[in-house]
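Enquirer: Here is my input, please return the structure:
(chains A and B)
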2 protein chains.
Amino acid sequence: MARRSLPLSRVYGLLEPGPVVLVTTARGGRPNVMAMSWYTMLEFEPPLVGCVISNRNHSFGILKATRECVIAIPAVGIADKVVGCGNTSGADTDKFLKFGLTASPAAKIGAPLIDECHVNLECRVADTGMVAKYCLFVVEVVKAWIDPAVRNPRTIHHLGSGNFMVAGERIKLKSRMK
Amino acid sequence: MARRSLPLSRVYGLLEPGPVVLVTTARGGRPNVMAMSWYTMLEFEPPLVGCVISNRNHSFGILKATRECVIAIPAVGIADKVVGCGNTSGADTDKFLKFGLTASPAAKIGAPLIDECHVNLECRVADTGMVAKYCLFVVEVVKAWIDPAVRNPRTIHHLGSGNFMVAGERIKLKSRMK
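Expert: All right, here's what the predicted structure looks like:
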């Protein structure tokens, strides 16, 4: 195999491609939504997710204050809306209105579900100890919703600079891993 | 759209599908390797990656002691080896030998590169402050290697219980996002 050195600035595009998600918050009756690719599972059950939400995002202050959000998973059919959410700020834009997303009430929290997403996870902030240093919120998923009609969703995975990988075929391998 | 409630224990399979990576370490001249799906980018440059490495893994102690690892990205062609690494322990198995993986010297650190992977990232542990609570190591990528011959690698993305999504088509959308 051949190898060449890669600029360190491009590393993020190699590690980032988990599914792009949308994160909703709400304050004073106004919902907001942002796109997020930097997150990781931290615990199986109760599910804990570490979410990097920059303090430059309008959602940062809302999440800190309300401690509630929804993590929603979109598929390629609404990729343009997802990118739109990532390129605008809730500080000056009603993104649900602008991008034609439908907010529905959640069961346990004040942030809204997104009807156009096949997965919606209601979350409460569980730990803010890493927010100051890494903008990393630990959230606990307290209620999970899926659309059972959606099989093998074509999720999108950000590769950097507007390039996305769309989820392909599925394979099953013999494994004892959880 | 229809919705049904999903058991919280299955949430991880929805959020996890970033590319499965292999993480190598070495101590006393003996290399080890594990599979990892729980990680997230934390900073663009220098690239910081938050890696969840359970204290039940043999690699945990080595990484704590040596503070060096390689994050290598495999594609579907060696999916069986990746699953093998995930289902065995370095405590009793030489996984490079058992699964026919080739360890090559890294440039800056003591842990080995994996020849069979199209990406190899040499990393040093930058922060252990979240290890006690979440087994979360912050590592800094100090050197990145790719195989330039590999375009659109068919990375594998763990969906839980031995199910994997294989990277599909790529699309480009107009975006100002980094």
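
Enquirer: which SS state does A:D80 fall under?
Expert: What DSSP: H, G, I helix; E, B strand; the rest coil gives for A:D80 is helix.

Enquirer: Please name the bridge partners of the residue nearest in space to the middle of chain A.
Expert: Centre of chain A computed as the mean C-alpha position; nearest residue by CA atoms, centre = their mean is A:V21, 2.8 Å away. Here A:V21 sits in beta bridges with A:M36, as judged by DSSP bridges.

Enquirer: for chain A, what helix or strand is lowest in average pLDDT?
Expert: Counting by mean pLDDT, DSSP states H and E, chain A has its least confident helix or strand at helix A:12-15, which shows a mean of 47.

Enquirer: Let me see the contact set for the residue nearest to the centre of chain A.
Expert: A:35-37, A:39, A:71-74, B:15 (CB atoms under 8 Å, 6 or more residues apart in numbering or on different chains). Quick note: C-beta positions are derived from backbone N, CA and C, even for glycine.

Enquirer: which element is the residue in chain A that chain B sits nearest to on?
Expert: Residue nearest to chain B within chain A (CB to the nearest CB): A:G168, separated by 2.5 Å. Using DSSP states H and E, A:G168 sits in strand A:163-172.

Enquirer: Alpha carbons of that strand, as PDB, please.
Expert: Backbone C-alpha positions of strand A:163-172 (Å, rounded to 0.1, in the frame of the first residue of the first chain) are rendered in PDB as follows:
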ATOM      1  CA  ASN A 163     -19.900  16.400   1.100                       C
ATOM      2  CA  PHE A 164     -22.000  13.600   2.500                       C
ATOM      3  CA  MET A 165     -21.900   9.800   2.400                       C
ATOM      4  CA  VAL A 166     -25.300   8.200   2.100                       C
ATOM      5  CA  ALA A 167     -25.800   5.000   4.100                       C
ATOM      6  CA  GLY A 168     -25.400   2.000   1.800                       C
ATOM      7  CA  GLU A 169     -26.100  -1.700   2.100                       C
ATOM      8  CA  ARG A 170     -26.300  -3.600   5.300                       C
ATOM      9  CA  ILE A 171     -24.400  -6.700   6.200                       C
ATOM     10  CA  LYS A 172     -24.600  -9.100   9.100                       C
END
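
Enquirer: Pull out the buried residues from stretch A:103-117.
Expert: For stretch A:103-117, the neighbour count (16 or more other CB atoms under 10 Å in any protein chain shown) marks A:103, A:106, A:109-114, A:116-117 as buried.

Enquirer: So A:C117: helix, strand or coil?
Expert: Here A:C117 is coil, with the state taken from three-state DSSP.

Enquirer: ok, how many other residues are close to A:I156?
Expert: By other CB atoms under 10 Å in any protein chain shown, 27 other residues sit near A:I156.

Enquirer: can you pull the contacts of it?
Expert: By CB under 8 Å, 6+ apart, the contact set of A:I156 is A:19-20, A:74-76, A:79, A:82, A:164-167, B:171.

Enquirer: For these, could you give me JSON lines that also reports distance to A:K133?
Expert: Shown next, in JSON lines, are the contacts of A:I156 (distance: CB to CB, whole Å):
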{"residue": "A:P19", "distance to A:K133": "26"}
{"residue": "A:V20", "distance to A:K133": "24"}
{"residue": "A:P74", "distance to A:K133": "30"}
{"residue": "A:A75", "distance to A:K133": "34"}
{"residue": "A:V76", "distance to A:K133": "35"}
{"residue": "A:A79", "distance to A:K133": "32"}
{"residue": "A:V82", "distance to A:K133": "28"}
{"residue": "A:F164", "distance to A:K133": "29"}
{"residue": "A:M165", "distance to A:K133": "30"}
{"residue": "A:V166", "distance to A:K133": "34"}
{"residue": "A:A167", "distance to A:K133": "32"}
{"residue": "B:I171", "distance to A:K133": "35"}
